[in-house]
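A.B. asks: Show me how the following folds:
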Amino acid sequence: MSLPAASAARHRRVAEDFTRVSAAVTDWDAPTPVPEWRARDVPRHLVEWSSEFLRSVDVILTAGPSPLHDPHGAWRHHREQIQSLVDAEDADRDVTHPQLGTLPLQDMVDRFYTADVFMHTWDLAVATGQDPALDEEHAEALLQGMRPMEEAMRASGQFGPPVPVEDDAPASAQLMGFIGRDPHWRP
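C.D. replies: Presented below is the predicted three-dimensional model:
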């Protein structure tokens, strides 16, 4: 099933998928496909990174539970704040990020944060022995959108070197390989 086209609805669905995975985690210290991370670091990254990202466009979120001590609770609190932000009447207002320029807030959240949640759902799911069940059409769309920016992405230091993936692999496996994850990784 495809993800919704509207950014607020897409965030809701992607966040629900991550929540489903997060709620089923029984070992928050499990290793992840990101070598220096444990399972608890995945929601921690999403909460902390996006809070800083939004602060740079003058959007301040209220702190919730500690992602180190209550990863799932911190995620749920954060997810609700982001959903309220993209559901708000003024979600289409322009914001200016120092490196990304000016975009409507909901588009900025969609392109950078919701996409990150989508990809990190895979990390948390495989780290904890779950099926990530990523939407293949959305994975393909993200992959096609990222390919033209590959040089800048790699230069940012936020993505590892690409991992070779079979040409006939599902789009989600190709996306994971593109961002530097081994789609065959298991704990």
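A.B. asks: Please put the alpha-carbon coordinates of stretch 61-71 into CSV.
C.D. replies: Presented in CSV, the C-alpha positions along stretch 61-71 are these (Å, rounded to 0.1, in the frame of the first residue of the first chain):
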residue,chain,number,x,y,z
LEU,A,61,9.5,21.5,20.8
THR,A,62,8.8,20.7,24.5
ALA,A,63,11.0,18.1,26.1
GLY,A,64,9.5,14.8,26.9
PRO,A,65,10.9,11.6,28.5
SER,A,66,14.6,11.0,28.1
PRO,A,67,15.3,9.0,25.0
LEU,A,68,18.1,7.2,26.9
HIS,A,69,15.9,6.1,29.7
ASP,A,70,12.6,5.7,28.0
PRO,A,71,13.2,5.4,24.2
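A.B. asks: And that stretch, what's buried?
C.D. replies: The neighbour-count check on stretch 61-71 (16 or more other Cβ atoms under 10 Å) flags 61, 64-65, 67, 70-71 as buried. The way it works is simple: take the backbone N, C-alpha and C, and place the C-beta from them, glycine included.
A.B. asks: So what touches that stretch?
C.D. replies: With contact meaning Cβ atoms under 8 Å, 6 or more residues apart in numbering, stretch 61-71 is reached by 22, 25, 28, 39-40, 42-44, 47-48, 51, 54, 73-78, 81-82, 85.
A.B. asks: Buried members of those into PyMOL, please.
C.D. replies: The PyMOL selection below is limited to those of the contacts of stretch 61-71 classed as buried (16+ other Cβ under 10 Å):
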select buried, resi 22+25+28+39+40+42+43+44+47+51+54+74+75+76+77+78+81+82+85
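A.B. asks: mind listing the helices for the chain?
C.D. replies: 7-23, 41-55, 71-87, 105-108, 115-127, 136-146, 150-156, 171-178 (DSSP state H).
A.B. asks: Switch these over to a markdown table; also include distance to Trp185 and mean pLDDT.
C.D. replies: Shown next, in a markdown table, are these (distance: least, Cβ to Cβ, whole Å; pLDDT from 0 to 100):
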| stretch | distance to Trp185 | mean pLDDT |
| --- | --- | --- |
| helix 7-23 | 16 | 96 |
| helix 41-55 | 14 | 96 |
| helix 71-87 | 20 | 97 |
| helix 105-108 | 30 | 94 |
| helix 115-127 | 6 | 97 |
| helix 136-146 | 16 | 94 |
| helix 150-156 | 20 | 85 |
| helix 171-178 | 9 | 96 |
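A.B. asks: Quick one, which of those helices gets closest to Pro164.
C.D. replies: helix 171-178 (6.7 Å; Cβ to Cβ).
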